[in-house]
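Novice: The amino acid sequence is not available; the structure is as follows:
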């Protein structure tokens, strides 16, 4: 049987889905689905997406991929009604290596139902069994946490990053890459878990929905949250993403002698440094899923400082905390309250089990702030930091989830 014959005969029915070859009559639904901004942003479909693009896809591109053996694209439909729900298939196939790459999108009207996860599992299971593949690869632009979450819930091991050959003009130049081997997929899911995978349901793969990578993908795939805290003087604080109005206050704070003395801000501090921090650094940390940068703001939303919680590069259950308080906000209890709020978020949302703090030996203000928030001082690490070109000793401390309960939460 050649590939064109295979394309006309193959159908996959699994977990409430019917996966079948594309048909000419699918063009209007494909066109409607691909008007979605997220599909145009994160996939390689043309933008703007016109009806002729959809017609070309279902009548030429998809059938030719089957005929040439370079791909296996499927329409993903509801098994009971036949409604088009999305697209999933092998977008490239290497017959010599017996390796392929999977790709998918879900129509806007079908999201939140686990369609992409179920379809990806079904395609991979079929490809391993029917084509004898030894590996299936997944790739996505860094920042596409929705696709990453699907891959993780389908059982893929996300193994690292690579530079993209054709990055999106407004996107990240790097991509995430992962892979799935035949023995990692497991058996077809049954019952409710087959059709509605959530962050709490079990999974046959090594990185199921309840895993830490999947949890992180779900968190960082959503907008950065706003946290709330109450300072010791009664001031209500908001911890929010950095914004344009913060530029001038950041510049003033980073030119303060105490800031220069105890932190690694550039000296002299330029407006371009603030613009990079606000517009590039903060959003990039969140987009890449490595942590979060929060502005500490008072009741009038005035900038009072910054706090950054980063995932450890060697242990995703450990966080690293850093902060700086603006001169006008010092001594008012803002920092301990903000530390508690951000760490509580790290323990609950990111499921951290330990958050670490370091500061230059002698930075008593920083040490007092974290100790008021419940941190335990753990000692001095010799030559642990580089400050202004000189290696120096650092004070070290850590906070565990139970320490917050002992210290008491603000507000």
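Specialist: All right, it came through fine. Please read these numbers as outputs of a predicted model, since none were measured by experiment.
Novice: List the buried residues in stretch 211-224.
Specialist: Residues of stretch 211-224 classed as buried: 211, 213, 214, 215, 216, 217, 218, 219, 220, 224 (neighbour count, 16 or more other Cβ atoms under 10 Å). No exception for glycine: its C-beta is placed from N, CA and C like everyone else's.
Novice: What ranges does the stretch 151-300 of the chain have for its helices?
Specialist: Per DSSP state H, counting those that start in this stretch, the stretch 151-300 of the chain carries helices over the ranges 192-195, 212-220, 247-254, 257-262, 271-276, 282-287.
Novice: quick one, which of those is packed in tightest?
Specialist: Ranked by mean neighbour count, the helices of the stretch 151-300 of the chain are led by helix 212-220 with a mean of 21 (mean count of other Cβ atoms under 10 Å).
Novice: and for that one, what are the contacting residues?
Specialist: 145, 148-149, 152-153, 158, 199, 207-208, 286-287, 289, 311, 316-317, 349-351 (Cβ atoms under 8 Å, 6 or more residues apart in numbering).
Novice: the longest helix in this protein is where?
Specialist: Counting by DSSP state H, the longest helix found in the chain is helix 115-131.
Novice: by contact count, what packs against the helix or strand just after that one?
Specialist: Downstream of helix 115-131, the first helix or strand assigned by DSSP states H and E is strand 135-141. Judged by 3 or more Cβ pairs under 8 Å, 6 or more residues apart in numbering; DSSP states H and E, strand 135-141 is in contact with strand 99-106, helix 115-131, helix 145-154, strand 174-180.
Novice: Buried ones in strand 135-141, by neighbour count?
Specialist: Buried residues in strand 135-141, defined by neighbour count with 16+ other Cβ under 10 Å: 136, 137, 138, 139, 140, 141.
Novice: Check the residues you listed against residue 394 and report the nearest one.
Specialist: residue 141 (36.0 Å; Cβ to Cβ).
Novice: mind listing what the closest one touches?
Specialist: Here residue 141 is in contact with 42, 164, 167, 168, 171, 172, 174, 175, 176 (Cβ under 8 Å, 6+ apart).
Novice: what's the answer for residue 35, then?
Specialist: residue 49.
Novice: which of the buried residues of stretch 211-224 sit farthest apart?
Specialist: Longest span within those, Cβ to Cβ: 211 and 224, 22.0 Å.
Novice: what about residue 377, which helix or strand?
Specialist: According to DSSP H and E, residue 377 maps onto strand 376-387.
Novice: hmm, who's touching that strand?
Specialist: Strand 376-387 is contacted from outside by 264, 358, 360-361, 367, 371, 391-399, 403, using Cβ under 8 Å, 6+ apart.
Novice: got it, and stretch 336-353?
Specialist: By Cβ under 8 Å, 6+ apart, stretch 336-353 touches 212, 215-216, 219, 225, 227-232, 237, 239, 292, 294, 296, 305, 307, 309, 311, 317-319, 321, 323, 355, 369-370, 372-375, 399-401, 404, 407, 409-411.
Novice: quick check: mean pLDDT across that stretch?
Specialist: What stretch 336-353 shows for mean pLDDT is 97.
Novice: wouldn't residue 59 be in contact with residue 21 here?
Specialist: No - using Cβ atoms under 8 Å, residue 59 is not in contact with residue 21; the gap is 11.4 Å.
Novice: Neighbour count for those two, which is higher?
Specialist: residue 21 (20 against 15; other Cβ atoms under 10 Å).
Novice: Surely that one touches residue 66?
Specialist: Yes - contact criterion Cβ under 8 Å: residue 21 and residue 66 qualify, at 6.8 Å.
Novice: filter the contacts of strand 376-387 to the buried ones?
Specialist: For those, a burial check counting by 16+ other Cβ under 10 Å picks out 358, 360, 367, 371, 394, 395, 396, 397, 398, 399, 403.
Novice: Would you agree the fourth one falls within a helix?
Specialist: When you say that, I think you mean residue 371. Yes - the assignment for residue 371 is a helix, going by DSSP: H, G, I helix; E, B strand; the rest coil.
Novice: Tell me who's in contact with it.
Specialist: Residue 371 sits in contact with 377, 397, where contact means Cβ under 8 Å, 6+ apart.
Novice: Then the fifth one?
Specialist: Residue 394 makes contact with 358, 359, 360, 361, 380, 381, 384, 385, according to Cβ under 8 Å, 6+ apart.
Novice: Next, format those residues as CSV and append pLDDT.
Specialist: Output for the contacts of residue 394, formatted as CSV (pLDDT from 0 to 100):
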residue, pLDDT
358, 97
359, 97
360, 97
361, 98
380, 98
381, 97
384, 96
385, 95
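Novice: now those residues as a markdown table including distance to residue 92?
Specialist: Supplementary listing: those in a markdown table, determined by distance: Cβ to Cβ, whole Å:
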| residue | distance to residue 92 |
| --- | --- |
| 358 | 45 |
| 359 | 49 |
| 360 | 51 |
| 361 | 54 |
| 380 | 54 |
| 381 | 48 |
| 384 | 46 |
| 385 | 46 |
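Novice: hang on, the earlier thing: of the buried ones among the contacts of strand 376-387, which is the nearest to residue 256?
Specialist: Closest to residue 256, out of all of the buried ones among the contacts of strand 376-387 and judged by Cβ to Cβ, is residue 360, at 15.6 Å.
Novice: Distance of that closest one relative to residue 384?
Specialist: Plainly put, residue 360 is 10 Å away from residue 384 if you go by Cβ to Cβ, to the nearest Å.
Novice: cool, and residue 109?
Specialist: Going from residue 109 to residue 384 by Cβ to Cβ gives 53 Å.
Novice: For residue 244, give its distance to residue 298.
Specialist: From residue 244 to residue 298 the distance is 18 Å (Cβ to Cβ).
Novice: who's more crowded, these two?
Specialist: The neighbour count for residue 244 versus residue 298, taken as other Cβ under 10 Å, is higher for residue 298 (18 against 9).
Novice: Below-threshold pLDDT in this structure: ranges please.
Specialist: Along the chain, segments meeting pLDDT under 70 span 1-8, 186-210, 405-411.
Novice: Restrict the contacts of stretch 336-353 to the buried ones and give me that as a PyMOL selection.
Specialist: Selecting only the buried entries of the contacts of stretch 336-353 in PyMOL, with 16+ other Cβ under 10 Å as the criterion:
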select buried, resi 215+216+219+227+229+230+231+237+239+292+294+296+305+307+309+311+318+319+321+323+355+369+370+372+373+374+375+399+400+401+404+407+410
